[in-house]
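# sequence first, predicted coordinates after that:
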2 protein chains.
Amino acid sequence: MSIAERPTAGTTASVYERVTPETKEALVRELTQLLGMRHVLHSPYDLALYEYDASIERGRPDIVAFPASTEDVAAIVKCARRYHIPVVPRGAGTGLSGGAIPRYGGIVIVFTRMNQILEIDYENLRAVVQPGLVNLHLSHALNPHGFYYVPDPSSQRSCTIGGNVGENAGGPHTLLYGVTTNHVLGLELVTAEGEIAEVGGWTYDAPGYDLTGLLIGSEGTLCIITKIIVRIVHLPEAVKTMVAIFDSMQDASNTVTEIIAHGVIPAAIEMMDQVILQAVEADTPAGYPLDAAAVLLIETEGLYESVEEQQQQIVAICEKHRARQVRIAANEIERQRFWAGRKNAFGAVGRISPEFYVQDGVVPRTQLPYVLRRVNEICQHYGLRVGNVFHAGDGNLHPLILFDSHIPGEVERVRQAGHEILQVCADVGGSITGEHGVGIEKQAEMALIFNDTDLRVMQQVRHACNPDQLFNPGKLFPLPGRCVDMKQL
Amino acid sequence: MSIAERPTAGTTASVYERVTPETKEALVRELTQLLGMRHVLHSPYDLALYEYDASIERGRPDIVAFPASTEDVAAIVKCARRYHIPVVPRGAGTGLSGGAIPRYGGIVIVFTRMNQILEIDYENLRAVVQPGLVNLHLSHALNPHGFYYVPDPSSQRSCTIGGNVGENAGGPHTLLYGVTTNHVLGLELVTAEGEIAEVGGWTYDAPGYDLTGLLIGSEGTLCIITKIIVRIVHLPEAVKTMVAIFDSMQDASNTVTEIIAHGVIPAAIEMMDQVILQAVEADTPAGYPLDAAAVLLIETEGLYESVEEQQQQIVAICEKHRARQVRIAANEIERQRFWAGRKNAFGAVGRISPEFYVQDGVVPRTQLPYVLRRVNEICQHYGLRVGNVFHAGDGNLHPLILFDSHIPGEVERVRQAGHEILQVCADVGGSITGEHGVGIEKQAEMALIFNDTDLRVMQQVRHACNPDQLFNPGKLFPLPGRCVDMKQL
């Protein structure tokens, strides 16, 4: 199909075919021939596992395929293209915005078999990995040699680097080191035509357009990524982790602002409020006082001397803002205990609520006190409890709205509250997502921060790379007629 | 023009019109009405100044326009669109690859009047600037408050931030802090349709496609940038600068590799070889021994204690690799003297050669000794002298090939040598440009590191944003029929 014949951008939802039983039969036959019977799933029982991710969205694929190589991926894409049906890439399904949900069916490509570290070059600080590699497995391989891979989403024990690239994932240590896009230098990919291409490379600032940057965070809508060149870095000489306990959120927020404004950028500054503290304490006791209003978990790293100096400065700032107590981890075991509470916070909330909905707004740090107050007001208005656990240093909020979907109308109230929170974030010059992506969840909210021209430019790029809209259709952009409406289940 | 009617990607050079005398008259009338007589140049005498930049390319515009606002830029683009003629944005004309040369005439937009700092937010570490702002002027405004803007190309006293964004400019301190793209968070721009749009924003990781990243380094081929949101950072508490003198390039190169592999990342590691040293010493005496084979200029910065520790480690590594001497700047005056030699190196070469041609390849650091040897062999083969002054820490080479264009055949030999050097860089897994851009100069060499599919994907993106190819036509991509040929003057 030449460019001249391509459908107009914006008609996202109507250009591919639904899979008929006949198509499915033919596809299964072709893909089985290509990949072997064990690597193609098509029964309703098998497919059920792939109809959800960690979001609250659902969508069943028609077929799930497990390629073993880039060439397999290219063949699958060509096959899908021939039948004009959607293709959705999937890592570990830990995404929070529905990015891996096959909204309109089609083929889901799962990268379980493409999970290898292909190359590690310690001297030039690079590694080449396959998209199905579990995030933490890379650092496990690097650690004995004194290196690690920086981006550390809370799900890093299960999420894949391919998925991280798709969503431009963050983590607590983005404050000092940036998100996934700051750690990926090059990609191998399969285009909409089923061709294999490479973008970026071994060096910074590859010539021509920075397509590596464009593709990171494009949520599977532009191409299928099959190989990733990442930066690796030395383990820091020293790490100091401390916990500062506050009697008010305002004091904790002001502490964050002053630490950053002081020019001391820690590796991580995480905040947990009382609701979260109580849940965490019940689940993974770290000795937090249950009546504290907020806790900051602050980590500095670098050379011994600088870490020591930073720590003293941070303690002084915490005390200036009336921290009730500042505890410094005496050893690695205590440090791990501080972090365990934070990393398991989402799970711990399961103890105090049957369900929760996590939002992912970003605001300028100086707006944190105001926005946190508004989050509470909004949730109160809808009669909902909310806990906050988030990357305070980045101004990246994660309000967890607690709910029970058995209560009539509760889900709608939760969605409405989530929407209003994002509206507040957008109003203060922030953004509707820090690291969880847009996916299905925040399509409507894209219109809060981008106008029609902005969105049209993005759509043109999508159209250029993916003219038939077969890659992950129905994602990322507001659907026609729903631009500023609230989504309804 | 709808997408369906757009010309096919790849027909770069043929889709716009040449400016006829009648068109020019009409354009001058319209633009004068819009901008005022003083802000539209059209006489051959006035235009001559804008037919070159710091590269060896030439091309005369038909009209030069000086907008005062984003709305002016939008009106100029709409005007150009109506007459279907090229539009080329220009900063200070310091570019080394011909990015600002109007290859096929048309309107050159110069941003001299859009040179303001619009906003500085010290607490959230952001500034908003116009594209015509001179790079160093931003740091001058920030310094008294204890902040600065990181990217520091050697031309920073004259180059503009808009130009830096267009070329994704680097500088000595990219080693620790990255290039322009790592310091720009959002852009306002004018599209090919003359509409005003915004991409990115105040926060990291804006939702949707990372168009900010895509546009940075796109060399004016996708849109015209009219406003830039940049990161600002605190001035470091301490800076230590040292110069290490070596009797062999090999020792100096191995020192660089070991410093980085040791996990100590200085803010900058610059290398100068004997040819450059002798030129620099004649121009800006810094006391370098004239018989030294290579000098490393190394700067570390951060907290007092960590800088002290880093410095000791670096000195030890230099000595292990047989540094003849390591000098540490005793004060800011001596530090400035060390840097003056480096920053004026290109100018100083004027003392030993009537002309020079600077290349800009990147190689993995571990390949430096091999590639430097090959650079010398290639230049010897063509009977040319070459000096090397470059960002060694990044593996970003800048061989300066000395020549005299009055000697018949010399320019051709220089180009051929330059091409072969880039071929070597590509062969060892490096890149054809580190920070100077592709422009006109390295169009042919794009084919050394990208295959047809890679280039087609980039062209599709160009086509999506700039369907009529009116923005900076004839740049960045190999021209038809010249993909792997050498360029001829």
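That came through fine.

# surely A:L368 touches A:G395?
Yes: with contacts counted by CB atoms under 8 Å, A:L368 reaches A:G395, the gap being 6.1 Å. Every C-beta, even on glycine, is put in place using the N, C-alpha and C of the backbone.

# neighbour count winner among these two?
Between A:L368 and A:G395, counted using other CB atoms under 10 Å in any protein chain shown, A:G395 has the larger neighbour count: 30 against 23.

# so that one makes contact with A:G430?
Yes: at 6.9 Å, A:G395 counts as touching A:G430 under the criterion of CB under 8 Å.

# state the pLDDT value of A:G201.
Looking at A:G201, its pLDDT stands at 82.

# helix or strand with the lowest mean pLDDT in chain A?
Using mean pLDDT, DSSP states H and E, the weakest-scoring helix or strand in chain A turns out to be helix A:174-177, at a mean of 84.

# helices of the stretch 351-489 of chain A, start to end?
A:368-381, A:410-427, A:446-449, A:452-465 (DSSP state H, counting those that start in this stretch).

# name the residues contacting each of A:G395 and A:G430.
A:V362, A:V363, A:P364, A:Q367, B:T203 (CB atoms under 8 Å, 6 or more residues apart in numbering or on different chains).

# separation between the first one and B:A206?
Yep, that's A:V362 we're talking about. 9 Å (CB to CB, to the nearest Å).

# more crowded one of the two?
Taking neighbours as other CB under 10 Å, A:V362 and B:A206 compare with A:V362 leading, 32 against 26.

# that one touches A:N396, doesn't it?
Yes: contact criterion CB under 8 Å: A:V362 and A:N396 qualify, at 5.0 Å.

# common neighbours of these two, please.
A:G434.

# neighbours around the closest residue to A:L402 other than its chain neighbours, how many?
Distances taken as CB to CB, 6 or more residues apart in numbering or on different chains put A:S353 closest to A:L402, at 3.5 Å, once the chain neighbours are dropped. Neighbour count of A:S353, defined by other CB under 10 Å: 18.

# next: the one 4 residues further on.
The tally of other residues near A:Y357 (other CB under 10 Å) stands at 22.

# OK, contacts around it?
With CB under 8 Å, 6+ apart, A:Y357 has these contacts: A:I56, A:L400, A:I401, A:F403, A:V414, A:R415, A:G418.

# rerun that using 10 Å as the cut-off
A:Y357 is in contact with A:55-56, A:96, A:384, A:386, A:399-403, A:405, A:411, A:414-415, A:417-418, A:441, counting by CB atoms under 10 Å, 6 or more residues apart in numbering or on different chains.

# next one: A:L397
Counting by CB under 10 Å, 6+ apart, the residues that A:L397 touches are A:271, A:358-363, A:368, A:371-372, A:375, A:388-391, A:421-422, A:424-425, A:430, A:434.

# and the closest residue to A:G194 other than its chain neighbours, backbone torsions?
Leaving aside its chain neighbours, A:G194 sits nearest to A:K78 (3.6 Å; criterion: CB to CB, 6+ apart). With angles defined as degrees, to the nearest 10, A:K78 sits at phi -60, psi -40.

# A:I196 is in contact with A:K78, correct?
No: with contact defined as CB atoms under 10 Å, A:K78 does not reach A:I196; the gap is 11.1 Å.

# mutual contacts of these two, please.
A:V190.

# neighbour count: these two, which is higher?
Ranked by neighbour count (other CB under 10 Å), A:K78 and A:I196 place A:I196 first, with 18 against 14.

# ok, the more buried one - contacts?
Contacts of A:I196 (CB under 10 Å, 6+ apart): A:70-71, A:73-74, A:77, A:188-190, A:226-227, B:451, B:453-454.

# return the member of the residues you listed nearest to A:N472.
Of all the contacts of A:I196, A:V77 has the smallest distance to A:N472: 12.2 Å, by CB to CB.

# what distance do you get for the closest one to chain B?
Going from A:V77 to chain B by CB to the nearest CB, to the nearest Å gives 13 Å.

# picking up where we left off before, and the residue nearest to A:L402, backbone torsions?
The phi/psi pair for A:S353 (degrees, to the nearest 10) is phi -150, psi 140.

# in contact with it, which residues?
A:V275, A:A279, A:L384, A:R385, A:G387, A:L400, A:I401, A:L402, A:F403, A:D404.

# quick one: the least confident helix or strand of chain A near chain B?
Yes: counting by CB under 10 Å from any CB of the partner chain, chain B has neighbours in helix A:174-177: A:T174, A:L175.

# average pLDDT across the next helix or strand after that helix?
With elements assigned by DSSP states H and E, the helix or strand that comes after helix A:174-177 is strand A:184-190. Mean pLDDT, strand A:184-190: 96.

# with stretch A:357-374 instead?
Per-residue pLDDT over stretch A:357-374 has a mean of 90.

# those helices in the stretch 51-200 of chain A, which residues are they?
A:70-83, A:135-142, A:161-167, A:174-177.

# which one of these has the lowest average pLDDT?
helix A:174-177 (a mean of 84).

# what's that helix packed up against?
If you count contacts as 3 or more CB pairs under 10 Å, 6 or more residues apart in numbering or on different chains; DSSP states H and E, helix A:174-177 packs onto strand A:268-273, strand A:294-302.

# which residues sit against it?
Here helix A:174-177 has contacts from A:150-153, A:170-171, A:180, A:182-183, A:231, A:233, A:256, A:260, A:265-270, A:298-302, A:391-396, A:434-435, B:204-205, using CB under 10 Å, 6+ apart.

# what's the spacing between the least confident helix or strand of chain A and its chain's center?
Averaged C-alpha coordinates place helix A:174-177 at 15 Å from its chain's average position (CA atoms, centre = their mean, to the nearest Å).

# do you know how far the residue nearest the centre of chain A is from A:S155?
The residue lying closest to the centre of chain A (CA atoms, centre = their mean) is A:H436, at 3.3 Å. Applying CB to CB, the value for A:H436 to A:S155 is 11 Å.

# got the buried residues for stretch A:379-395?
By neighbour count on 16 or more other CB atoms under 10 Å in any protein chain shown, the buried set for stretch A:379-395 is A:379, A:382, A:384, A:386-395.

# what is the mean pLDDT for it?
What stretch A:379-395 shows for mean pLDDT is 93.

# per-residue pLDDT, the residue of chain A most remote from its centre?
Within chain A, A:E22 marks the point farthest from the mean C-alpha position, 36.5 Å out by CA atoms, centre = their mean. Looking at A:E22, its pLDDT is 92.

# please apply the same query to A:E305.
81.

# give me the distance between it and A:Q311.
The value you get for A:E305 to A:Q311, if CB to CB is used, is 11 Å.

# what's next to whichever strand or helix holds A:Q336, contact-wise?
Counting by DSSP H and E, the element that carries A:Q336 is helix A:332-343. Residues outside helix A:332-343 that contact it (CB under 10 Å, 6+ apart): A:152-157, A:171-172, A:239-243, A:268, A:270-272, A:276-277, A:279-281, A:283-288, A:295, A:297-299, A:327-329, A:331, A:348, A:389.

# give me the buried entries from those.
Using 16+ other CB under 10 Å, the buried ones in the contacts of helix A:332-343 are A:152-156, A:171-172, A:240-243, A:268, A:270-272, A:276-277, A:279-281, A:283-284, A:286, A:288, A:295, A:297-299, A:327-329, A:348, A:389.

# out of those residues, which sit inside strands?
A:240-243, A:268, A:270-272, A:295, A:297-299, A:327-328, A:389 (DSSP state E).

# settle this for me: A:R385 is touching A:E410, isn't it.
No: assessed by CB under 10 Å, A:R385 is found out of contact with A:E410, at 11.4 Å.

# quick check: neighbours shared by those two?
A:I401, A:F403.

# what's around A:L400, how many residues?
Neighbours around A:L400, by other CB under 10 Å: 23.

# so what's it bridging to?
A:V358, A:G387 (DSSP bridges).

# check contacts around it.
A:273, A:275-276, A:279, A:345-346, A:349, A:353, A:356-359, A:385-390.

# thanks a lot, see you next time.
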